[in-house]
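J.: Quick one, what's the 3D model for this:
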Amino acid sequence: MSAPFCVHCASGFALEGTPKGTMEKLGPYDTYIASPSSVQGEPGRAIFFACDAFGLSLINNKIIPDILAERLGVPVYVPDYFEGKGVEPTRLQMPSTAKEMRSQSLMQKVTSGLGMLSIAPWFISNRPGTKIAPLEKWFTAVEEAKGVKEWASTSYCFGGKPVLHFASQSKFKANVLCHPSFVAIDDIKKMKGTSLFICADEDPVFGASLREQSQQVLKERQDKGEIQAEFKFFHNTVHGFCARPDFSVPEVKKAFEDATQLTVEWLKEHFLQAKAEGKGTAGGEPPAATAAPV
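T.: Numbers count the residues shown, from 1 in each chain. Next up, the predicted model:
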């Protein structure tokens with residue numbers, strides 16, 4: 001069974017800063033392109049940034065790609081697969097920390113539940129499956145227009161499902177999935193590419209049971225040399241902290257910064273450096289798929 005729709009991404013605030021990228025129509029989607037000040041490594045490499053349910057109306061989904069592009073030295077492409085109609089960023093407000101979420105009163109939980117129900121029509125019209133065919137056309141358009149030959153991915157909440165789909169088709173050399181939504185065990189059984197899961201302490205969407213099942217499946221596949229995978233957990237965080245952190249909470253601010261840098265380091269090692277060092281996405285002596293607290 002798939003995990004429920006990502007709504008807790010609404011916790012926290014927008015990041016400060018001015019987006020430095022450009023918008024361009026590529027295939028069916030307007031696309032935010034975050035470009036590094038200097039390109040590193042071989043040309044033809046790029047990152048697919050699969051954003052959360054707030055889409056490009058949330059400035060974070062431009063600021064974070066800018067950060068990744070600059071630190072990695074490769075362009076980051078963010079398709080507007082909601083076509084300007086993502087969830088309004090101010091519409092849902094959820095706890096900023098795991099402690100807050102666990103201490104919610106019954107009335108607070110009811111209020112949160114009503115907020116989730118209010119976006120049910122949006123959820124129905126924006127099921128992840130409706131994005132797959134247009135994204136196939138989008139990838140083709142980007143590859144033809146920009147000369148992209150190799151992809152890696154990073155995803156947040158809603159974006160996890162499209163990444164899992166294309167990862168099953170060997171689209172990406174490496175993946176980072178931050179508190180993904182809609183995860184089904186069948187997705188985990190089929191995914192390919194060296195993958196890092198960044199997990200929240202309290203996550204009703206990618207919860208403990210589903211995470212543990214995912215870890216077990218990936219551990220079994222890893223033992224067979226089929227895939228490399230790791231899980232990293234961040235204390236006192238909630239679903240969405242990588243996409244929309246509350247910087248008024250120092251612990252959450254640090255978790256966001258550490259998770260962002262961990263994303264950079266993972267993609268450097270398993271995407272940008274892998275070819276030069278002769279690393280593959282399977283076989284050899286891969287790292288253990290363990291739950292490592294951060």
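J.: For residue 166, which non-adjacent residue is spatially closest?
T.: Spatial nearest neighbour of residue 166, excluding adjacent residues (Cβ to Cβ, 6 or more residues apart in numbering): residue 172 at 6.6 Å. Quick note: C-beta positions are derived from backbone N, CA and C, even for glycine.
J.: In three-state terms, how would residue 231 be classified?
T.: Taken by DSSP: H, G, I helix; E, B strand; the rest coil, the conformation at residue 231 corresponds to strand.
J.: chain center to stretch 211-226: distance?
T.: Centre-to-centre, stretch 211-226 and its host chain are 20 Å apart (Cα atoms, centre = their mean, to the nearest Å).
J.: Which parts of it count as buried, going by neighbours?
T.: Across stretch 211-226, burial judged by 16 or more other Cβ atoms under 10 Å covers 211, 214-215, 217-218, 221-222, 226.
J.: For the residue nearest to residue 166, grab the count of nearby residues.
T.: 24 (other Cβ atoms under 10 Å).
J.: do residue 273 as well
T.: 12.
J.: Residue 152 now?
T.: For residue 152, using other Cβ under 10 Å, the count is 26.
J.: Who are the packing partners of the helix or strand that it is a member of?
T.: Per DSSP states H and E, residue 152 falls inside strand 150-156. The elements that strand 150-156 packs onto, with contact taken as 3 or more Cβ pairs under 8 Å, 6 or more residues apart in numbering; DSSP states H and E, are strand 45-50, helix 160-167, strand 172-178, helix 250-267.
J.: and among these, the most buried is which?
T.: strand 172-178 (a mean of 28; mean count of other Cβ atoms under 10 Å).
J.: ranges for the helices of the stretch 51-200 of the chain?
T.: Listed in chain order, the helices of the stretch 51-200 of the chain (DSSP state H, counting those that start in this stretch) span 60-72, 98-102, 106-118, 120-125, 129-146, 160-167, 185-190.
J.: Just tell me which of these ends up closest to residue 272.
T.: Smallest distance to residue 272 across these (Cβ to Cβ): 6.7 Å, for helix 60-72.
J.: now the angle between strand 150-156 and that closest one, please.
T.: 140 degrees (axes from the mean of the first three to the mean of the last three Cα atoms, to 10 degrees).
J.: For helix 60-72, give me every contacting residue.
T.: 14-15, 17, 19-21, 32, 34-37, 40, 47, 49, 51-52, 54-56, 75-76, 78, 154, 156, 243-244, 260-261, 263-264, 267-268, 272 (Cβ atoms under 8 Å, 6 or more residues apart in numbering).
J.: ok, 6 Å please
T.: 14-15, 17, 19-20, 32, 34, 36, 49, 51, 75-76, 78, 243-244, 264, 267 (Cβ atoms under 6 Å, 6 or more residues apart in numbering).
J.: do stretch 169-179 as well
T.: For stretch 169-179, the external contacting residues (Cβ under 6 Å, 6+ apart) are 150-156, 160, 163, 167, 192-198, 200, 203, 206, 239, 242, 263, 266-267, 270-271.
J.: now the spatially most central residue of the chain, which residues is it bridged with?
T.: Centroid-nearest residue in the chain: residue 155, 1.7 Å away (criterion: Cα atoms, centre = their mean). Beta bridges link residue 155 to residue 50, residue 177, judged by DSSP bridges.
J.: from what I can see it touches residue 161, true?
T.: No: the criterion here is Cβ atoms under 6 Å, and residue 155 misses it with residue 161 at 8.3 Å.
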